[in-house]
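A.B. asks: Here's a sequence, model it:
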Amino acid sequence: MIEGLKERKYVQTAKKRTAPISLLVATVIFALVVMASIGVGKGKSLVDIRGLLIVIGGTVASLVFQFDLMVLLKSFMMVGRSFAGTPDREVQRAMRDIDRAIIEGQSLTQIKRSDELTGEILADVIHMYNRGLTYDEIDAFVTGRVQDEYFEREMATAMLQKASIVAPSFGLFGTVIGLVQVMQSMSSPGQIGPAMSLALMTTAYGAGLASLLFTPLAGRLEHHNHIYLECHKQLLSKIGILMKRDDQSLETVREVVAA
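C.D. replies: Take a look at the predicted model:
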């Protein structure tokens, strides 16, 4: 029965949004852009170690100063996890179990048994419900946990957005240093080339990191943050349907006993 309802789109649930093909296409395009930028295949290399140190080192130092090292590490770990799939995959099974329970008229406690808090949202909700917590109490607990995770996700997004601003700034900083060295080397033509390379490449590195790395990652993580928040809102709403059904059934039994 539930399969037919899903086909007719009567059951609304979070869909799996993992897009490996899209990731592959984006990675290939970025790789081609980078290869074209550094002159691969033309016998030329546009790699300037000093420029890379100024832009990358300066960006990392600025982020650590603003966000603290542990926040920075957690943010990069979160970015890495984002490539394994979208965050709604963690609640897909719970969504299917709840959808089936709603359609088949089951109660919340019939979905599964949970004797302790495990960190898995549906199991924790069932455990708390069995302990006699009300819907409002469970809602406050789950909402608090989701907000904590969402806050960390927002911090990671803010870090990447800040990096997309800081990197070009350090690129400009390196450009100024390179131009100063050019002016100081006017009497030594052999030193003008390396100084000009530093001036130009730092700007390229800063712009490249911002447009090819930090901005796309920030956009991807921000998209995942919205998915994370909405799928958990939907999950909690469906849990509320089952809890209210259980409460109504219990109230009916009490009325019959009292009569």
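
A.B. asks: Once you drop chain neighbours, what's closest to the most centrally placed residue in the chain?
C.D. replies: In the chain, the centroid-proximal residue (Cα atoms, centre = their mean) is L221; its distance is 3.3 Å. Spatially, and ignoring its direct neighbours in sequence, L221 is nearest to T157 (4.9 Å; Cβ to Cβ, 6 or more residues apart in numbering). In this view, the C-beta of every residue, glycine as well, is placed from N, C-alpha and C.

A.B. asks: Show me what counts as buried in stretch 83-97.
C.D. replies: Within stretch 83-97, the residues scored as buried using 16 or more other Cβ atoms under 10 Å are G85, T86, P87, D88, E90, V91, Q92, A94, M95, D97.

A.B. asks: contacting residues around the closest residue to Q110 other than its chain neighbours?
C.D. replies: Spatial nearest neighbour of Q110, excluding adjacent residues (Cβ to Cβ, 6+ apart): A101 at 6.6 Å. Contacts for A101 (Cβ atoms under 8 Å, 6 or more residues apart in numbering) come out as S107, L108, Q110, I111, L242.

A.B. asks: redo that, cut-off 10 Å
C.D. replies: For A101, the contacting residues are I2, S107, L108, T109, Q110, I111, K112, K238, I239, I241, L242, R245, by Cβ atoms under 10 Å, 6 or more residues apart in numbering.

A.B. asks: Neighbour-wise, give me the winner out of those.
C.D. replies: Counting by other Cβ atoms under 10 Å, I239 has the largest number of neighbours within the contacts of A101, with 24 neighbours.

A.B. asks: Could you check which helix or strand contains it?
C.D. replies: Taking DSSP states H and E as the definition, I239 sits inside helix 215-258.

A.B. asks: Quick check: which helices or strands does that helix pack against?
C.D. replies: helix 20-37, helix 69-82, helix 92-104, helix 121-130, helix 135-184 (3 or more Cβ pairs under 10 Å, 6 or more residues apart in numbering; DSSP states H and E).

A.B. asks: Now that helix: average pLDDT?
C.D. replies: Taken as a whole, helix 215-258 carries a mean pLDDT of 74.

A.B. asks: got it, and stretch 90-99?
C.D. replies: The average of the pLDDT scores along stretch 90-99 is 79.

A.B. asks: Over to stretch 47-58?
C.D. replies: Stretch 47-58 comes out with an average pLDDT of 86.
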